[in-house]
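Student: quick one: sequence and predicted model below, then my questions.
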Amino acid sequence: MTDLVHVTTRRGLSPVTAGIFVLIVSLLVIPVALVAIALGLGLLRLPYELVIVLQRRPIAFPLHMVASGVALILIPIAARARRRRDLHRAVGRAAAICVAAGGLSALLVAFASEATAVARAGFFVQGVVWLALLAAAVTAIRRGNVARHVRLMIAMAAVASGAIWLRLVICGAVAAGLPFDPVYAVAAWVCWMVPLGLATLCSALLRDMR
């Protein structure tokens, strides 16, 4: 971890900012991603609700879990490697493939669960938005619009972070004894829409400050 802080500091971030970045990746992104990959590969026992999804989508569900988990890991790596052009391209392309696979399979998985219709719709729309942002980001970089590409990739990462916030919200709701279905339905929308809104707002403010 010390080496990663050193690298991020050399790239122009303050030690505090670099430390926060490493902390977020280490404590939030990596654990969620590894659990998703392990569940997709059958290395961990699935809860009953996910067993039903697996039975209904025996190919799409594992693909979604593994691809989305790998994407969660690759996206921050691609972001940190942005000044190393060859590495950034290689990792970025791999991340894009995983996002495409994870997003497309998410559309199939969304309506295979036992969740409420509101929750399933939230996950479906999240997948659509994730894919749309990816397509727009790829189009932007192919046209040489680096600034727009960066903004879109940040937005795409924000949507992906919904998987992390969803788990935190659900854990908190269960610990607080809140009714599961209503919380899950709201979280299925809020956990990716709020990060996307904040990312869009921050990108707009930074653009105006230039």
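Tutor: Done, it's in. Numbers count the residues shown, from 1 in each chain.
Student: return the distance of the residue nearest the centre of the chain relative to residue 38.
Tutor: What sits nearest the mean C-alpha location of the chain, by CA atoms, centre = their mean, is residue 160, with 1.8 Å. For residue 160, the distance to residue 38 (CB to CB, to the nearest Å) stands at 18 Å. Glycine gets a C-beta too; all of them are placed from N, C-alpha and C.
Student: okay, domains of the chain per the record?
Tutor: 1-114, 116-210 (automatic domain parsing).
Student: is it possible to get JSON lines of those that adds mean pLDDT?
Tutor: Converted to JSON lines, the domains of the chain look like this (pLDDT from 0 to 100):
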{"stretch": "domain 1-114", "mean pLDDT": "82"}
{"stretch": "domain 116-210", "mean pLDDT": "91"}
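Student: this structure: helices as residue ranges?
Tutor: Assigned by DSSP state H, the helices in the chain fall at 2-10, 15-24, 30-41, 48-56, 60-80, 85-110, 117-142, 146-160, 162-176, 180-209.
Student: winner for burial among those?
Tutor: Burial of these is given as mean neighbour count (mean count of other CB atoms under 10 Å); helix 60-80 ranks first at a mean of 22.
Student: what comes into contact with that one?
Tutor: 7-8, 11, 21, 25, 29-30, 32-37, 39-42, 50, 53-54, 88, 91-92, 94-95, 98-99, 101-102, 105-106, 108-109, 112, 153, 156-157, 160, 163-164 (CB atoms under 8 Å, 6 or more residues apart in numbering).
Student: how about 6 Å then?
Tutor: Contact partners of helix 60-80, identified using CB atoms under 6 Å, 6 or more residues apart in numbering, comprise 25, 29, 33, 36-37, 39-40, 53-54, 88, 91-92, 94-95, 98-99, 101-102, 105-106, 108-109, 157, 160.
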